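Chemist: need coordinates for the below:
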Amino acid sequence: MAINVSSQPRSVATDDNLLIMCAPLSAVTSWPEAPTVSELAAASFVDVTYSLTAGSGWAEATNEDEITDERLTLSEVFAKGGRTTNTLSLQYVYGTEDDVADPLFVERELLVFAVRFAVEHDEPIAAGQKFDFWLVEAGRKSRDQVAANALFTKTQPMRPQAKVQRDVAITAS
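Modeler: Residues are numbered from 1 along each chain as shown. Got it, this is the predicted structure:
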């Protein structure tokens, strides 16, 4: 039996196909609406992609509680979806005069992250592209353990302050 290659979905490698930008909430005039192409391309949104470390650099998680639905004498237990908890922790490099993330991630400041997945990092931002948007409060910075043959890094929790907007197709203006 011949394999029909056209039925096999293609894939996108993660390397060079991710864009993570951040701006202080005070600079995002469109919020709570999703930022537009022109706003994302403005100087207030800073590209932090390559400041983040591999593995732990962008550590997001989504957990959904389950509400059990038990009925008298029924031999099965049903369930419904409950509340959702989103968490975000960042690990980034620091220690040089051209640091990007460290001066931007001010503790207790409200920040907006815009994340574009599976599109070449350097591709210009355009209408129709999909982004995730996170409104977070920056948590306390923590210097990571110093080790030989390693980089200086910090880890910082980011606490969501609004519902995470996922796969939002942005508009031109």
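
Chemist: and the helices in this structure?
Modeler: With DSSP state H as the definition, the chain shows helices at residue ranges 37-41, 101-104.

Chemist: mean pLDDT and distance to residue 69 added to those helices, as JSON lines?
Modeler: (Glycine included, C-beta is placed from N, CA and C.) Formatted as JSON lines, the entries for the helices of the chain read as follows, by pLDDT from 0 to 100; distance: least, Cβ to Cβ, whole Å:
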{"stretch": "helix 37-41", "mean pLDDT": "95", "distance to residue 69": "43"}
{"stretch": "helix 101-104", "mean pLDDT": "97", "distance to residue 69": "44"}
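
Chemist: let's have those in TSV, adding distance to residue 95 and mean neighbour count.
Modeler: Below are the helices of the chain laid out as TSV (distance: least, Cβ to Cβ, whole Å; neighbours: other Cβ atoms under 10 Å):
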stretch	distance to residue 95	mean neighbour count
helix 37-41	28	18
helix 101-104	8	16
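
Chemist: okay, those helices in CSV with distance to residue 125 next?
Modeler: Shown next, in CSV, are the helices of the chain (distance: least, Cβ to Cβ, whole Å):
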stretch, distance to residue 125
helix 37-41, 5
helix 101-104, 19
